[in-house]
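[1] The amino acid sequence is not available; the structure is as follows:
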């Protein structure tokens, strides 16, 4: 009979079974992570110090950069420890903490992208009323509300996760960090409440945020199509192209990581996990710095 315990120790498998490529791949992941942190820190610094960027759009972009530092830091922290020490063990409390912070940060990003889409909708569809409909105070209130809501949302999942027991004292997790869906699969106690919460909240709230983002872009594209001059169309589209690209990358990697059948394949799932948590935050500052002329000019002034 298997020993049931709620205080199991976990082993994060990471790249340990890819012996030939473990070291180069590990350092590649760390290099991508450090590059991501550097790029996002640069955007945060520029947005905070450049007087030309004191607008709601860049305030929201600065918040996105903060998330793009924190989210991969949660997932890479123990992996980095493993690379340099060879210790793959992670305690039950640390694993649960990873789940809490990761779920919370992803939830914040989902709603932040929706707020950024609304900001672009107002800028394109109601340019004359932009300063009255969107301002820094409103953005601060929205971000504060999103952070509080996401913390409570993540806490609900975490509290329901803590009550689960595992059938072995040592549990092998096939990934780089502890994820909610993996722990639910490994638990040997009843997970029906957890699955219900994932279905109702874990799918419902992100779908609601995605719907807000999608509707914003429906109105944006409709407004762009009405513009008769080609130059006007291109100018209007350029104001939202960076955010649209970021939204596409975020939701496409999220879909393939959590909903695509092929993610059941062991190695493929871990590759998607790396792309979702590390590569996407690296691409975001690159996308904005390449497509946004104001940001490019601000970075040039800062450097």
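    That came through, no problem. If you're wondering where the values come from, they're calculated on a predicted model, not measured in any experiment.
[2] So, low pLDDT: which residues of this protein?
    1-8, 15-22, 83, 86, 257-272, 290 (pLDDT under 70).
[3] mind listing the helices for it?
    22-49, 56-85, 92-125, 130-133, 136-162, 180-186, 192-197, 204-226, 230-258, 266-274, 280-291, 293-302 (DSSP state H).
[4] out of those helices, which comes closest to residue 174?
    In terms of CB to CB, the element of these nearest to residue 174 is helix 266-274, at 5.9 Å. In this view, the C-beta of every residue, glycine as well, is placed from N, C-alpha and C.
[5] And the residue nearest to residue 48 when sequence neighbours are not counted, how close does it get to residue 150?
    Closest residue to residue 48 apart from its sequence neighbours, by CB to CB, 6 or more residues apart in numbering: residue 62 at 6.7 Å. For residue 62, the distance to residue 150 equals 18 Å [CB to CB, to the nearest Å].
[6] out of those two, which sits in the busier spot?
    Shown here are residue 62 and residue 150; by other CB atoms under 10 Å, residue 150 has more neighbours (21 against 17).
[7] was I right about the more buried one contacting residue 111?
    Yes - contact status for residue 150 versus residue 111: in contact at 7.2 Å, counting by CB atoms under 8 Å.
[8] which residues touch residue 59?
    47, 136, 139, 140 (CB atoms under 8 Å, 6 or more residues apart in numbering).
[9] One more: residue 53?
    46, 47, 294, 295, 298.
[10] Turn the buried ones among these into a named ChimeraX selection, would you?
    A single ChimeraX command selects the buried members of these (16 or more other CB atoms under 10 Å):
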select :46,47,295,298
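[11] Which of the contacts of residue 53 sits closest to residue 256?
    Using CB to CB, these come closest to residue 256 at residue 295, 28.6 Å.
[12] I'd like to know how far the closest one sits from residue 301.
    Distance from residue 295 to residue 301, by CB to CB: 11 Å.
[13] just residue 274 next, same as before
    For residue 274 relative to residue 301 (CB to CB), the value is 34 Å.
[14] Settle it for me: which of these two has more neighbours?
    Taking neighbours as other CB under 10 Å, residue 274 and residue 301 compare with residue 274 leading, 23 against 11.
[15] Hmm, that one is touching residue 253, no?
    No - Residue 274 lies out of contact with residue 253 (CB under 8 Å); the separation is 10.0 Å.
[16] Most neighbours of all the contacts of residue 59, which one?
    The member of these that has the most neighbours, counting by other CB under 10 Å, is residue 47 with 21 neighbours.
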